[in-house]
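Peer 1: sequence first, predicted coordinates after that:
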Amino acid sequence: MKKNTIRIGVGTGFAGDRIEPAEILLEKANLDYLVLECLAERTIALAQKRKKANSSLGYDVLLEKRMQSLLPKLKNKATRIITNMGAANPQAGAEKILEIANQLGISIKVAVVTGDDVLSKISLDETVWETGKSLSDYGEILSANAYIGANALLSALQSDAQIIITGRVADPSLFLAPMIHEFKWPLNELDYLAQGTVVGHLLECAGQLTGGYFADPGKKDVTDLANLGFPYADVSNDGTAIFSKVENTGGQITLQTMKEQLLYEVLNPTAYTTPDIIADFSKVVFEEINPGTIKVSGVTAVGKPEKLKVSIGYNAGFIGEGEISYAGENALARAELAGEIISERIRHLYTDFRVDLIGVNATHRKAFRQIEPYEVRLRVAGKTQSSSLAALIGEEVEALYTNGPAGGGGARKNIVDVVGIVSTFIEENQIEISTEKKEVHLNEII
Amino acid sequence: MKLYEVAHCRTGDKGNTLTMSIIAFKKENYPLLLEQVTVDKVKDHLQGIVLGDVERYELPSLGALQFVCHEALDTGVTTSLAMDTHGKTLSYSILELELS
């Protein structure tokens, strides 16, 4: 049956997001769809590394925790979950969901959508979009995933699966897909796709629409961030949507939060590009119906993208870090001296090396104001292809305890195995989407 | 007067590119943003942070400007040596801009 409106909520805005906002949405918002968006640029490359180490892994690391909490609440509800928590291994992610359902005694049907992994189709001769260099100039290639669009999810939506799990579907497409499915939008009705895409874009970072990443005490106050509620949208069959959140949750949806999120990570507001559409966000109309309830309309299409973007993960060596603190009289001069000592000893060993003074100039990479701080934390970081050279930075900083300026304390060291990301493009006809259904059926004992 | 007094900002990242929305608290201040928060001023203010080109998009119906700053994230989110690899804090660097 064709519906006139559907309610889509967002339960996670990134891989490490809070657990309970999705539970609250599922329990109280009467959703048709709950989207769990959990992939950033690098997440899938890291997941690919886990899959290489163990072929039954490579899905989102919090999948088990999220499903343990959500599956019992999904029972006896019509809400369907759409998620990219499959990351580098949607099949294994689906198997894990079935295993959890089995343990909990819940019958569930899961559809797995794959086809984003294009590692076997990528040539090292290809040109990197960001730099114009050849892919062969980069380190060992770890992963290549095409950003696939809403159409990839349509056959899964036509099945009776209650959970749809996939990998690198573009974030707004996870939300656009159920609109296309429910409203039977023809894929050549571009303005509908554009309007549906802005709805997806506004929802995709979850709490960032309802007051997260926004509060500034005294200037932009937000109530009860400790219990931030995530948003949902009542989408009409013309793609216009009314945004709100569950009553008595923290945060707020205002014109200000909507504007900030509309423009978040947008490289061209007149040509926002996804695998599905190029949309003109500059024409958007926000209308506050009631406090906390905002209607979004007005977005139209500019065209369709010619190719799909491919996100390529490569081995980029190691980053070593070391930190140590100084406080009280002359703390800044002592921290500076500590930095000079480290630079003299090891700076020449690294391709890229930096000394930051936390509390002075570290976060913005420079200082817009000079104030003598009470305490300063020295941070030293360097990039290298050698893990032992990466470790040396922390070791040298730690050695400042007994060899450096007076009163150095709280040394910490860290090594990061760096996965870099660059992009190329692929023709859509090179992508082969596959949908498979899996299920656990348990005879209920009454 | 600082930009902080009249506008709010959110930054985002795409590779080595930083996006920065500058949104007037009151729409009547949009012409002030248009006149004073120019590409040249932003480049000058963010010297040492933004190394590449800067583009400005004007969004009068939102009372907002969108800046797209290239080569702004110390080689990019995934490979940057900086503490704030995403440039999430950089919204408050542009809000330090003095308006005349």
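Peer 2: Okay, I see it. Worth saying up front: this structure is predicted, and the values here are computed from it rather than measured.
Peer 1: in the stretch 251-400 of chain A, which spans are helices?
Peer 2: Secondary structure of the stretch 251-400 of chain A, counting by DSSP state H, counting those that start in this stretch: helices at A:255-262, A:331-346, A:387-398, A:400-403.
Peer 1: mean neighbour count, these: which tops it?
Peer 2: Greatest average neighbour count among the helices of the stretch 251-400 of chain A goes to helix A:255-262 (a mean of 22), per mean count of other Cβ atoms under 10 Å in any protein chain shown. Placement of C-beta: from N, CA and C, glycine included.
Peer 1: and A:Gln158, how far is that from chain B?
Peer 2: According to Cβ to the nearest Cβ, to the nearest Å, A:Gln158 and chain B sit 33 Å apart.
Peer 1: excluding chain neighbours, give the residue nearest to that residue in space.
Peer 2: A:His181 (7.0 Å; Cβ to Cβ, 6 or more residues apart in numbering or on different chains).
Peer 1: who touches the one you found in this structure?
Peer 2: Taking Cβ atoms under 8 Å, 6 or more residues apart in numbering or on different chains, we find A:His181 in contact with A:153-154, A:157-158.
Peer 1: most neighbours among those, please name it.
Peer 2: Highest neighbour count within the contacts of A:His181: A:Leu153, with 25 neighbours (other Cβ atoms under 10 Å in any protein chain shown).
Peer 1: phi, psi for that one please.
Peer 2: The phi/psi pair for A:Leu153 (degrees, to the nearest 10) reads phi -90, psi -10.
Peer 1: report the secondary structure state of the residue nearest to the spatial centre of chain B.
Peer 2: Central residue of chain B (Cα atoms, centre = their mean): B:Met20, 4.0 Å from the mean position. Three-state assignment for B:Met20 (DSSP: H, G, I helix; E, B strand; the rest coil): strand.
Peer 1: strands of the stretch 301-446 of chain A, residue ranges please.
Peer 2: Here the stretch 301-446 of chain A has its strands, by DSSP state E, counting those that start in this stretch, at A:308-327, A:352-358, A:375-384, A:409-426, A:434-440.
Peer 1: let's have those strands in JSON lines, adding distance to chain B, mean pLDDT and mean neighbour count.
Peer 2: Converted to JSON lines, the strands of the stretch 301-446 of chain A look like this (distance: least, Cβ to the nearest Cβ, whole Å; pLDDT from 0 to 100; neighbours: other Cβ atoms under 10 Å in any protein chain shown):
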{"stretch": "strand A:308-327", "distance to chain B": "5", "mean pLDDT": "97", "mean neighbour count": "23"}
{"stretch": "strand A:352-358", "distance to chain B": "5", "mean pLDDT": "97", "mean neighbour count": "19"}
{"stretch": "strand A:375-384", "distance to chain B": "5", "mean pLDDT": "98", "mean neighbour count": "23"}
{"stretch": "strand A:409-426", "distance to chain B": "5", "mean pLDDT": "96", "mean neighbour count": "17"}
{"stretch": "strand A:434-440", "distance to chain B": "29", "mean pLDDT": "94", "mean neighbour count": "16"}
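Peer 1: same list, those strands, but as JSON lines with distance to B:Asn16 please.
Peer 2: Converted to JSON lines, the strands of the stretch 301-446 of chain A look like this (distance: least, Cβ to Cβ, whole Å):
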{"stretch": "strand A:308-327", "distance to B:Asn16": "13"}
{"stretch": "strand A:352-358", "distance to B:Asn16": "14"}
{"stretch": "strand A:375-384", "distance to B:Asn16": "15"}
{"stretch": "strand A:409-426", "distance to B:Asn16": "10"}
{"stretch": "strand A:434-440", "distance to B:Asn16": "34"}
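Peer 1: nearest to A:Ala177, out of those?
Peer 2: Closest to A:Ala177 of the strands of the stretch 301-446 of chain A, according to Cβ to Cβ: strand A:434-440, at 12.1 Å.
Peer 1: hmm, back to that, now the residue nearest to A:Gln158: how far from A:Ala29?
Peer 2: Going from A:His181 to A:Ala29 by Cβ to Cβ, to the nearest Å gives 20 Å.
Peer 1: of the strands of the stretch 301-446 of chain A, which is nearest B:Cys69?
Peer 2: strand A:409-426 (18.1 Å).
Peer 1: check the residue nearest to A:Gln158 and give its pLDDT.
Peer 2: Note for A:His181: predicted pLDDT of 98.
Peer 1: and residue 36, how many neighbours?
Peer 2: Because you didn't say which chain, this covers chain A. 27.
Peer 1: meant chain B actually
Peer 2: 15.
Peer 1: what sits against it?
Peer 2: Counting by Cβ under 8 Å, 6+ apart, B:Gln36 makes contact with B:99-100.
Peer 1: doesn't the residue nearest to A:Gln158 belong to a strand?
Peer 2: No: A:His181 is assigned helix when assessed by three-state DSSP, not a strand.
Peer 1: now it: how far from A:Ser155?
Peer 2: 10 Å.
Peer 1: ok, now A:Lys220?
Peer 2: Distance of A:Lys220 to A:Ser155, computed by Cβ to Cβ: 44 Å.
Peer 1: would you mind listing what in chain B touches chain A?
Peer 2: Proximity of chain B to chain A, by Cβ under 8 Å from any Cβ of the partner chain, involves residues B:4, B:8-10, B:12-17, B:19, B:21, B:23, B:25, B:48-49, B:57, B:59, B:61-62, B:64, B:66, B:68, B:74-79, B:81-84, B:88-90, B:92-93, B:96.
Peer 1: great, nothing more from me.
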